[in-house]
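Novice: pasting a predicted model and its sequence here:
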Amino acid sequence: MAYEPFNTLKSSAVPLPIENVDTDQIIPARFLKATERTGFGDNLFRDWRYNPDNTPKSDFVLNNPMYVGKILVGGKNFGSGSSREHAAWAVYDYGFRCVVSSFFADIFKNNCLNIGVLPVQVTPEFLAHIFEAIESDPKATFTVDLPGQTISIDTTGATCSFDINGYKKNNMLHGFDDIDFLISQSNQIDTFAAQSPL
Amino acid sequence: MAKTLFDKVWDAHVVHSIENGPDVLFIDRHMVHEVTSPVAFLGLKQRGIRVKFPERTFATADHNTPTINQHLPVEDPLSANQLAMLEQNAREHGISYWGLGHQKNGIVHVVGPEYGITLPGATIVCGDSHTSTHGAFGAIAFGIGTSEVEMVLSTQCIMQPKPKSMRINITGSLQKGVTPKDVALYIISQLTTSGATGYFVEYAGPVFSEMSMEGRMTVCNLSIEMGARGGMIAPDQKTFDYVSGREFAPKGQDFDKAMNYWSTLYSDSDASFDKEYTFDGNQIEPMITYGTNPGMGLGISQHIPMAQSLDGGVATYKKSLGYMDFHEGDAMLGKKVDYVFIGSCTNGRIEDFRSFASIVRGRKKADHVTAWLVPGSHLVAQSIKEEGLLEVFEAAGFTLREPGCSACLAMNDDKIPAGKYAVSTSNRNFEGRQGPGARTLLASPLVAAAAAVTGHVTDPRTLL
Ligand code: SF4
């Protein structure tokens, strides 16, 4: 899927200091019945965000107008659980372009990279600083610099670098997806398939 | 150079390596289901391309299907639409399609092995994280996202950085009443839900060599619950015997040729792993979970840990116990159970129903327990009938439903009501996984059976 290229992002952030946030919380299974990829943002964190009668839960961060921004900051082991890419779509569709945590589950991280959400893995200490910065000022901004592979807390100037593999980084910077690349490898794939019995 | 089992299979499938980037990995066999594939097919349409190797893709409907009255039209319009889309996409692209009611229909990870789609040394993917199940045959099998489903449909490849390697050895042997599910829950409780993130696991040691293919599938299935991409077990004679004669497995000379190759699939004795763990199988008890991730498990006779005994994460821990309405220090034995679910790609195979039957035989279902017995496939259902287990279940007050994922993810009507406790043989106890507000205790079919007949958490060893 084509998505907006990602270069640098300066934004306030939404804090979710919970560990092991799993994909069933990000998007519960009953919302996976769509056959298109739009509209998932409405159900992002559905059961944490709404009561069973669909009224918003006032104590959940997405219902607090103080916290807005394109960056979602989660606790350790964010995105564990199912392979549903719908979780990443919901994050994107809601308006986030970047998720920050001290640790990501593999498939979720991969899915994010494939659809244009940048997963930024920082040290546990830096994650704590981010939460502190948001706590002292919900409007605090952060700068995510993909070319330089850093994230900074604008108010304090503190910076942390993050890893991303060079190929994925290039894709993100240009909004490319893997299929274009794979299709360009067609001949090699055909040769390979011919000698690989079913 | 010495290679691990994983290296051997992976390296044999690399079409191209990108410097400082992922490998282009060829996928031998691809399984699709109705939930994670529609957007991928839509992507193909938008690009104006077709499925490259339709004979390598197999479609089954399972996640969203009812488990009663499958002969009637599906009531929920959204589910019906997804099922119709799968059928249409499969037909349009010439893919084998085993829809609702088809004799070969069932949970994707149950039917794959049953029909010989799963083979040693193969690369297998599916848009479902428990694709790791197929690793039981010495395949590299893992779950992928929908963008990757689209990659495989369009090019038969995906792009993956090679994961790190981990070996988990279990020594000794298992005590009576301890099943493969307990082994897996035990390992996850030791490693935590993220302990194997970034790794591909090989399970080794006498406990796994002794284990049946069904048991190996249960263990590999749960690899993802400790964060691993997948898990695998070196194929042996048991594996070859299981595969032999199955519909999509090689036949005759092709089989012999394949077997020669499969016999080379093991970790060289001097191969090294990035991480290695060894546990003593004799120490493992029947397990049960008490929290909201699969790492929160303990021996059934133990008590829920005190928050102060943990290193960090206390707020998350308390939130989890709050959701379960359990308390630090509580004993698990004796906790009241409202629902029992036996099924899913973790424990929905014939051996699991045999094990469930071994306890319910001659006993009665507890009156207040609602039990859902959901076979993983029609073939499993057929064996249940042929082996006389159905009579055992019915005599004890249970009924058998039709195959599907069912209460494993509760996308259909099989939802545990809010606040109720379910002992479930599935794989995830996340908040709301089995229905909004549902409280899940993961356990083996034996523990599930013991709960079903007593109405509370009971040590199955006292009933064997
Ligand atoms: S049974 Fe559960 S885990 Fe297995 S394929 Fe179905 S939904 Fe996924």
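Specialist: Sure thing, it's come through.
Novice: tally of neighbours for residue B:364?
Specialist: Other residues within reach of residue B:364 by the criterion other CB atoms under 10 Å in any protein chain shown amount to 12. Where you see a C-beta, it was placed from the backbone N, CA and C, and this is true even at glycine.
Novice: which pLDDT value goes with it?
Specialist: Turning to residue B:364, the model gives it a pLDDT of 98.
Novice: roughly how far does it sit from residue A:53?
Specialist: 39 Å (CB to CB, to the nearest Å).
Novice: what's the answer for residue B:335, then?
Specialist: Computed as CB to CB, the residue B:335 to residue A:53 distance reads 29 Å.
Novice: looking at those two, which is more packed in?
Specialist: A side-by-side neighbour count of residue B:335 and residue A:53, using other CB under 10 Å, places residue B:335 first with 18 against 5.
Novice: which residue is the nearest non-sequential neighbour of the more buried one?
Specialist: Once flanking residues are discounted, residue B:335 sits nearest to residue B:457: 4.5 Å by CB to CB, 6 or more residues apart in numbering or on different chains.
Novice: wouldn't the one you found be in contact with residue B:332 here?
Specialist: Yes. The pair formed by residue B:457 and residue B:332 meets the contact definition of CB atoms under 8 Å, at 5.2 Å.
Novice: tell me, what's touching those two both at once?
Specialist: With contacts taken as CB atoms under 8 Å, 6 or more residues apart in numbering or on different chains, residue B:457 and residue B:332 have B:288, B:300, B:441 as neighbours in common.
Novice: among those, the buried ones, what's the PyMOL command?
Specialist: Those of the shared contacts of residue B:457 and residue B:332 that count as buried under 16 or more other CB atoms under 10 Å in any protein chain shown are selected in PyMOL with:
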select buried, chain B and resi 288+300+441
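Novice: could you dump the shared contacts of residue B:457 and residue B:332 to CSV with distance to residue B:278, secondary structure and pLDDT?
Specialist: As requested, those are arranged in CSV below (distance: CB to CB, whole Å; DSSP: H, G, I helix; E, B strand; the rest coil; pLDDT from 0 to 100):
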residue, distance to residue B:278, secondary structure, pLDDT
B:288, 24, strand, 98
B:300, 23, coil, 98
B:441, 28, strand, 98
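Novice: any chance of TSV for the shared contacts of residue B:457 and residue B:332, columns distance to residue B:102?
Specialist: Compiled in TSV, the shared contacts of residue B:457 and residue B:332 are given as follows (distance: CB to CB, whole Å):
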residue	distance to residue B:102
B:288	36
B:300	39
B:441	33
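Novice: so who does residue 129 touch?
Specialist: Since you didn't name a chain, this refers to chain A. Here residue A:129 is in contact with A:153, A:156, A:158 (CB under 8 Å, 6+ apart).
Novice: sorry, should have said chain B
Specialist: A:81, A:82, A:83, A:107, B:142, B:143, B:224.
Novice: how about residue A:189?
Specialist: Residue A:189 touches A:182, B:15, B:24, B:26, B:52, B:155, B:156, B:157, counting by CB under 8 Å, 6+ apart.
Novice: what's the burial count for the residue nearest to residue B:335?
Specialist: With neighbours defined by other CB under 10 Å, the count for residue B:457 comes to 22.
Novice: list the contacts for it?
Specialist: Here residue B:457 is in contact with B:288, B:300, B:332, B:333, B:334, B:335, B:337, B:423, B:441, B:447, B:450, B:451 (criterion: CB under 8 Å, 6+ apart).
Novice: got the residues of the stretch 251-400 of chain B near the ligand?
Specialist: Where the stretch 251-400 of chain B comes near the ligand, counting by CB under 6 Å from any ligand atom, the residues are B:344, B:345.
Novice: nearest to chain A: which residue in the stretch 251-400 of chain B?
Specialist: Residue of the stretch 251-400 of chain B nearest chain A, by CB to the nearest CB: residue B:316 (4.3 Å).
Novice: and that residue, backbone torsions?
Specialist: For residue B:316, the backbone dihedrals (degrees, to the nearest 10) come out as phi -60, psi -40.
Novice: which ones among the contacts of residue B:457 are found in strands?
Specialist: Among the contacts of residue B:457, DSSP state E puts B:288, B:423, B:441 in strands.
Novice: so residue A:88 sits in a helix?
Specialist: Yes. Secondary structure of residue A:88 (DSSP: H, G, I helix; E, B strand; the rest coil): part of a helix.
Novice: quick check: the gap between it and chain B.
Specialist: 7 Å (CB to the nearest CB, to the nearest Å).
Novice: now do the strands in chain A.
Specialist: Counting by DSSP E, chain A forms strands over residues A:8-16, A:71-74, A:98-101, A:118-121, A:141-145, A:150-153, A:159-161, given from the N-terminal end onward.
Novice: who touches the shortest one?
Specialist: Spelled out, that is strand A:159-161. Looking at strand A:159-161 with CB under 8 Å, 6+ apart, the contacting residues turn out to be A:122, A:123, A:126, A:148, A:149, A:150, A:151, A:152, A:153.
Novice: and those residues, which two are the farthest apart?
Specialist: Using CB to CB, these reach their maximum pairwise distance at A:123 and A:148, which is 17.0 Å.
Novice: tell me the contacts of whichever residue of chain A sits closest to chain B?
Specialist: Minimum separation of chain A from chain B (CB to the nearest CB) falls at residue A:167, amounting to 2.9 Å. When contacts are counted by CB under 8 Å, 6+ apart, residue A:167 is found next to B:18, B:20, B:21, B:22, B:159.
Novice: ok, the closest residue to the second one other than its chain neighbours to residue B:319 distance?
Specialist: Right, the one you point to is residue B:20. Spatially, and ignoring its direct neighbours in sequence, residue B:20 is nearest to residue A:166 (4.0 Å; CB to CB, 6+ apart). Residue A:166 sits 38 Å away from residue B:319 when distances are taken as CB to CB.
Novice: per-domain residue ranges of chain B.
Specialist: Domain ranges of chain B: B:1-285, B:287-462, per automatic domain parsing.
Novice: from the chain's centre, how far out does the first one sit?
Specialist: It stands for domain B:1-285. Counting by CA atoms, centre = their mean, to the nearest Å, domain B:1-285 is centred 9 Å from the centre of its parent chain.
Novice: and the end-to-end length of that domain?
Specialist: The straight-line separation of the ends of domain B:1-285 (CA to CA, to the nearest Å) is 39 Å.
Novice: same thing with the shortest one?
Specialist: Across domain B:287-462, the straight-line distance between its terminal residues is 14 Å, by CA to CA.
Novice: same thing with stretch B:26-41?
Specialist: Distance between the boundary residues of stretch B:26-41 (CA to CA) amounts to 19 Å.
Novice: is there proximity between that stretch and chain A?
Specialist: Yes. Stretch B:26-41 comes into contact with chain A (CB under 8 Å from any CB of the partner chain), by way of B:26, B:28, B:29, B:35, B:36, B:38, B:39.
Novice: can you tell me if that stretch touches the ligand.
Specialist: No. Remark: stretch B:26-41 sits outside contact range of the ligand, by CB under 6 Å from any ligand atom, the gap being at least 7.3 Å.
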